[in-house]
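Trainee: just a sequence and a predicted model for now, questions to come.
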Amino acid sequence: MDRYEQALQILAERFGKDSLIAVATVEGGRPHVRTVDGYYEDAAFYVVTYALSNKMRQIEANPDVAVCGEWFTAHGKGENLGYVRDERNAAIMAKLRAAFSAWYNNGHVNEEDPNTCLLRIRLTDGVLYGEDDEFEIDFGAGKA
């Protein structure tokens with residue numbers, strides 16, 4: 001296994017479940033940071049959110065975001081994948097509902113509202129700290 005594959009494996013183990021991450025956006029030259037529940041898969045984080053939220057408005061205007069989690073920080077591009085019940089989102093939403101099952105159906109998410117959307121953050125670059133190693137990751141080039 002090469003270093004890039006090793007880094008991806010650590011990311012999947014660490015964040016391939018309900019994980020609190022910080023997401024930073026920019027508006028008017030000022031950063032805005034909030035903590036969200038995220039799920040990692042295939043070099044991207046997924047977040048169930050609200051299409052009319054400040055975060056989504058800011059991402060629509062400027063998709064450049066930063067994320068930070070347990071011993072990991074990265075840059076990425078935010079993208080609204082649309083309504084959580086859209087058929088194109090069915091496979092990933094099944095994983096998110098399972099990962100977020102402890103709280104998802106307790107009034108936190110209203111899937112009846114068509115503004116409940118899926119945010120994907122495609123990672124571009126980041127720094128990950130493993131137990132005894134540091135990985136500088138270029139997701140686009142597939143190397144660490």
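Mentor: Right, received. Where do you want to start?
Trainee: contacts, neighbours, all on C-alpha from now
Mentor: Fine.
Trainee: which SS state does residue 13 fall under?
Mentor: Following DSSP: H, G, I helix; E, B strand; the rest coil, we place residue 13 in the helix state.
Trainee: what's the burial count for it?
Mentor: Using other CA atoms under 10 Å, the number of residues around residue 13 comes to 12.
Trainee: what's the answer for the one 5 residues further on, then?
Mentor: Burial of residue 18 is recorded as 20 neighbouring residues (other CA under 10 Å).
Trainee: that one reaches residue 98, doesn't it?
Mentor: No - using CA atoms under 8 Å, residue 18 is not in contact with residue 98; the gap is 9.1 Å.
Trainee: and the residue nearest to the spatial centre of the chain, how far is that from residue 120?
Mentor: For the chain, the residue nearest the mean C-alpha position is residue 45 (2.3 Å; CA atoms, centre = their mean). To residue 120, residue 45 is 6 Å away according to CA to CA, to the nearest Å.
Trainee: pull the residues that contact the longest strand along the chain.
Mentor: In the chain, taking DSSP state E as the definition, the longest strand is strand 116-129. The contact list for strand 116-129 (CA atoms under 8 Å, 6 or more residues apart in numbering) reads 7, 43-51, 65, 71-84, 89, 109-110, 134-140.
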